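Trainee: Give me a model of this one.
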Amino acid sequence: MVLEYLKKQQSNPDPELLKRLKWTPEQLRQFVDRWEALRKLEERGDSKAKKKLERIYRSLGLRPGGHKRRAVRQVQDRQRGLSDAARSKPPASYADKFRAYKRSVAQ
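Mentor: Numbers count the residues shown, from 1 in each chain. Next up, the predicted model:
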């Protein structure tokens, strides 16, 4: 998503964006070109490019392959025919309060 935004900014970059990044318009173009080239190599099956992207994603705190769209697991509500995205558990410090809330709402 960010790369798509930066690609759109190439022709007429936002001065505020360039100021925040401390880049010139040419540096922005070079950055986008490098990422595009790396993504194209990875899509063609280049193992070196794939490993490099995985290292970069990990250094950014992302999971490898995180740049691809992921499907969200759906949970079916059989009574009403509704679906809801899978939910994660609350933090341990809130678990008891969350269970109490769920019990009070269910009554």
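Trainee: Over to Lys22: give its phi and psi.
Mentor: Backbone torsions for Lys22, taken as degrees, to the nearest 10, come to phi 60, psi 50.
Trainee: Pull up the per-residue confidence for it.
Mentor: On the pLDDT scale, Lys22 is placed at 92.
Trainee: How much space separates it from Leu28?
Mentor: Distance, Lys22 to Leu28, by C-beta to C-beta, to the nearest Å: 11 Å. All C-beta atoms are positioned from the backbone trio N, CA, C, and that covers glycine.
Trainee: So these two - more neighbours on which side?
Mentor: It is Leu28, of Lys22 and Leu28, that has more neighbours when counted by other C-beta atoms under 10 Å, with 19 against 7.
Trainee: Show me the contact partners of the helix or strand harbouring the more buried one.
Mentor: Leu28 is part of helix 25-43, with elements assigned from DSSP states H and E. The contact list for helix 25-43, computed with C-beta atoms under 8 Å, 6 or more residues apart in numbering, reads 3, 6-7, 9-10, 13, 18, 21, 23, 48-50, 52-53, 67.
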